[in-house]
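Undergrad: take this sequence and fold it.
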Amino acid sequence: MNKAAGYKDIGVWQERHVGFVELRRPPDNYFDKALIAEIAAAFEAFDAEPSCRVIVLAAQGKNFCAGADLARRPATGSTEETGGGKHLYKEAIRLFRTQKPIIAAVQGAAVGGGLGLALVADFRVACPEARFCANFTRLGFHPGFGLTYTLPRLVGPQKAALLFYTSRRIRGEEAFAMGLADVLVPQAELRHAALALAEEIAQSAPLAVLSTRATLRRGAVEAIEAATERELVEQEWLRRTKDFQEGVKAMAERRAPEFHGK
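TA: So this is what the prediction gives:
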């Protein structure tokens, strides 16, 4: 069943009980509000499709998602469309409201907001070449996309703080060891492994899975929404600092930043 009509930057289709959403902005799959809105619309469509029991989120190209293209667009979404609460994080909350289990197939980089997108999923299937990084502080910025809620609850507050404060980049093996990835396979087997896990979940009673998931995630959407509101406030003032300007410039020039706390 092909559901791709009406989408610009994603592919959407269904095989048996598994729905697929594929990012199609290779090689890096940088996101903006429009892309997140498309993913949210696809998730909502699968929620409304009784025959879909699990969703696989994947991406074309070298990287799963390299986050926002800060070198060309410093805003994370809040300044793209002001007023009415229509910033990027409002679209991101729609992703977290998805009722059905989500599996992310992560190749290459899941960086910044791209890591936040990967953590929307219930499970992550990764390969040794995958790279996970909350690189915000190395840009002079504050974490976003709900990561201040999702990351500590996945790897623990201590490891999350280490990843946030250092902007350290970790590869697939270390991500798997700390619980950031749930399955580790060779890159050539990534899609197959994600599908295999999805099909295993789909064999369980669908109403029981939805009910169990709702209990496990009770209160999470509200907490993530509150987290993104706090993240946005901090991002707004940090965006006006010289350190943020330096961080973005250094990233574009592929050099180490020189911060001065201003």
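
Undergrad: nearest spatial neighbour of Ala193, skipping sequence neighbours?
TA: If the residues on either side of it in the chain are set aside, Ala193 comes closest to Val185, at 4.4 Å by Cβ to Cβ, 6 or more residues apart in numbering. Heads up, the C-betas are built off the backbone N, CA and C, glycines and all.

Undergrad: and the one you found, how many neighbours?
TA: When counting by other Cβ atoms under 10 Å, one arrives at 20 neighbours for Val185.

Undergrad: who touches it in this structure?
TA: Val125, Ala126, Cys127, His192, Ala193 (Cβ atoms under 8 Å, 6 or more residues apart in numbering).

Undergrad: what's the most distant pair in the residues you listed?
TA: With distance counted by Cβ to Cβ, no two of those lie farther apart than Ala126 and His192, which are 13.6 Å apart.

Undergrad: neighbour count for these two, which is higher?
TA: Ala126 (31 against 13).

Undergrad: so that one touches Gly172, yeah?
TA: Yes - with contact defined as Cβ atoms under 8 Å, Ala126 reaches Gly172; the gap is 4.5 Å.

Undergrad: on that earlier part again, closest to Leu88 out of the contacts of Val185?
TA: If you rank the contacts of Val185 by distance to Leu88 using Cβ to Cβ, Ala126 comes first, at 24.6 Å.

Undergrad: look up which residues are beta-bridged to that closest one.
TA: Partner residues in beta bridges with Ala126, using DSSP bridges, are Val106, Leu184.

Undergrad: how much space between it and Gln187?
TA: Distance, Ala126 to Gln187, using Cβ to Cβ, to the nearest Å: 9 Å.

Undergrad: do the same with Arg97
TA: Between Arg97 and Gln187 the distance, using Cβ to Cβ, works out to 31 Å.

Undergrad: go on, Gln245?
TA: Between Gln245 and Gln187 the distance, using Cβ to Cβ, works out to 36 Å.

Undergrad: now Leu238
TA: Counting by Cβ to Cβ, the gap from Leu238 to Gln187 is 35 Å.

Undergrad: then His87?
TA: Distance from His87 to Gln187, counting by Cβ to Cβ: 34 Å.

Undergrad: can you pick out the residue with more neighbours from the two?
TA: More neighbours surround His87 than the other of His87 and Gln187, with 20 against 14 (other Cβ under 10 Å).
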